[in-house]
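Asks: model the structure of this input:
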Amino acid sequence: MKIAGIIAEYDPFHNGHAYQIAKTREMGADAVVAVLGGEFTQRGEPAWCSKYLRAEAALLCGADLVLELPVPYAVGSAERFAEGGIKILDALGCVDVLSFGSESGDAEKIMAFAALSEQKEFIEEYKKSLSEGISAPAARQKAAEKLAPELSSVAANPNDTLGAEYCKWLLRLNSKIKPVTVKRYGAGHGEIAVLKSGIASATYLRSFDEPEDIFPFVPYKVYELLAKAYREGGLPFSEKKIEPAVLAVLRMMREEDFAKVPDCAAEGLYHRVFDAVRESRSLAELYENIKTKRYALSRIKRIVSGAFIGLDDSVLKAADLPYIRVLGMNEAGAAVLKKAKENGCPLPVSASLAELAKTSGTAEHFAMLESRAEDLWQLGLPNPGKCGLAYTTKIIKK
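Replies: Got it, this is the predicted structure:
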């Protein structure tokens, strides 16, 4: 049984995601494990649709087991997002390959860039460029151009770069998991749809107000899920609905509180965030007041989301991944979990967040954050759910 892992958000699940799963199976995968980000995302924004809907969509379209990426990793830099996903897949002890989409379609080149980025000389060049005030992506590309020009194109492509972060963590963990990549086609990250291919970026699809508009770009089974969610008030999520709540939480925070939010303490950024919060009357104004050439908008949004949820940098510094939570599975997915248990998976594995919370103090903290993120996210829906859904929502079985 060859098992492939995929780390994703699927917000929403579309034809490009189905294509990647199908290509992964063509490369020999008998089972596909998806590690899925939750109700707040790596781009720093609340998810457009529920993680439970996205997990069900993945199971309907080729995935066999869907696991949750805990919120401290899901709302993080590309490096932290990759860290959480790879640690989950590696802990299972039975995943053979990691599949990810890329612009280059060259797994060897991406792995070579990952290895380069771990070298002392690269890190020194990268930090030097950062100190000159340029952005992190530009600093990575500049360092690569100096040390290995043939690899610099990896740093110029968002999916290649994310793939390199995955590979970096495979190297750090000395994992037996081998990287493979599926070359992207159709619309790129954030681009408009390409009608002929039926591929549109998730960014573009989130701009639609009605499920009928999304129909050409998602599998029919997913369209049915989205349409049902619209009818029941589970879509679309509106950031405007939670904007007053976000601003209220931020206005109650002290300057030293912002210093504890992940990615906010470095270079004294928390001073700038605190001052901007005092001056801003909307999220758009807040982002504009914080943003500089050095600080990418996605980083600023992650800081704001992290502060709203109550993420504390100490939980990541003092603790490691505490558990593996199952969102959904089919029979093949159950076989993967059985194999993981036989291989001595070192982490508690369960679909019950309540049961996982009992396994350690760190697990209890992670579960509390997961539940809080769910409760707050629900407020942005046309028909918000009550508190506690993270503890009461049942596993999805197909």
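
Asks: per-residue pLDDT of A193, please?
Replies: Per-residue pLDDT puts A193 at 47.

Asks: and the next element down the chain from the helix or strand of the chain with the lowest mean pLDDT?
Replies: The helix or strand of the chain with the poorest confidence is helix 313-318; it has a mean of 77 (mean pLDDT, DSSP states H and E). With elements assigned by DSSP states H and E, the helix or strand that comes after helix 313-318 is strand 324-329.

Asks: the least confident helix or strand of the chain: how far from the chain's middle?
Replies: Here helix 313-318 shows a centroid-to-chain-centroid distance of 18 Å under the convention CA atoms, centre = their mean, to the nearest Å.

Asks: what packs against it?
Replies: Judged by 3 or more CB pairs under 8 Å, 6 or more residues apart in numbering; DSSP states H and E, helix 313-318 is in contact with helix 361-378. No exception for glycine: its C-beta is placed from N, CA and C like everyone else's.

Asks: which residues does the helix it packs on contact?
Replies: 38-40, 46-47, 68, 70-72, 237, 242, 245, 308-311, 315, 319-320, 322-323, 325, 348, 353-354, 356-358, 384-391 (CB atoms under 8 Å, 6 or more residues apart in numbering).

Asks: what's the helix or strand for P244?
Replies: Secondary structure from DSSP H and E places P244 in helix 239-251.

Asks: I'd like the average pLDDT over that helix.
Replies: Average pLDDT, helix 239-251: 97.

Asks: what's that helix packed up against?
Replies: By 3+ CB pairs under 8 Å, 6+ apart, helix 239-251 packs against helix 269-279, helix 283-290, helix 297-309, helix 361-378.

Asks: in the host helix or strand of A335, what's buried?
Replies: Per DSSP H and E, A335 falls inside helix 331-342. Across helix 331-342, burial judged by 16 or more other CB atoms under 10 Å covers A332, G333, A335, V336, L337, K339, A340.

Asks: re the thing from before, S201 is nearest to which of the helices and strands packed on helix 239-251?
Replies: helix 297-309 (14.9 Å; CB to CB).

Asks: what sits up against the closest one?
Replies: With CB under 8 Å, 6+ apart as the contact definition, helix 297-309 has outside contacts at 40, 42-46, 71, 75-77, 245-246, 249-250, 253, 257-258, 261-264, 269, 273, 283, 286-287, 290-291, 369, 372-373, 376.

Asks: wait, a strand at L98?
Replies: Yes - under DSSP: H, G, I helix; E, B strand; the rest coil, L98 falls within a strand.

Asks: show me the beta-bridge partners of it.
Replies: For L98, the beta-bridge partners under DSSP bridges are G5, P179.

Asks: quick one: neighbours of it, just the number.
Replies: Using other CB atoms under 10 Å, L98 has 28 other residues around it.

Asks: mind checking pLDDT for it?
Replies: Listed pLDDT for L98 reads 98.

Asks: surely it meets I177?
Replies: Yes - using CB atoms under 8 Å, L98 is in contact with I177, at 5.2 Å.

Asks: how close does the nearest residue to E256 once chain neighbours are set aside sit to V246?
Replies: Leaving out its chain neighbours, the residue that sits closest to E256 by CB to CB, 6 or more residues apart in numbering is Y270, at 7.9 Å. Y270 is 17 Å from V246, where distance means CB to CB, to the nearest Å.

Asks: again, but for E9
Replies: 20 Å.

Asks: S352 now?
Replies: From S352 across to V246, the span is 30 Å (CB to CB).

Asks: low-confidence regions, the stretch 151-300 of the chain specifically.
Replies: Residues of the stretch 151-300 of the chain meeting the criterion pLDDT under 70: 186-197.

Asks: returning to what we had before: elements contacting the helix holding A335?
Replies: Helix 331-342 packs on strand 31-37, strand 65-69, strand 324-329, strand 349-350, going by 3+ CB pairs under 8 Å, 6+ apart.

Asks: neighbouring strands - and their directions - for the second one?
Replies: According to DSSP bridges, strand 65-69 has the following sheet partners: strand 31-37 (parallel), strand 324-329 (antiparallel).

Asks: quick one: contacts of the helix or strand just after the longest one?
Replies: Proceeding N to C from strand 31-37, the next assigned helix or strand is helix 51-60, under DSSP H and E. Residues from elsewhere that reach helix 51-60 (CB under 8 Å, 6+ apart): 8-13, 17, 21, 34, 36-39, 47, 66, 68, 219, 221-222, 225-226, 229, 234-235, 327-330, 333, 393, 396, 398.

Asks: what about the strands in the stretch 51-200 of the chain?
Replies: Using DSSP state E, counting those that start in this stretch, the strands of the stretch 51-200 of the chain run over 65-69, 97-102, 178-183.

Asks: now do the first one and helix 331-342, the angle between them.
Replies: The directions of strand 65-69 and helix 331-342 differ by 60 degrees, with axes from the mean of the first three to the mean of the last three CA atoms, to 10 degrees as the criterion.

Asks: now do strand 65-69 and helix 361-378, the angle between them.
Replies: Strand 65-69 runs at 90 degrees relative to helix 361-378, counting by the same axes, to 10 degrees.

Asks: begin at 6, not 1, for the rest of this chat.
Replies: Happy to do that; since the first residue is 6 now, the last one works out to strand 70-74.
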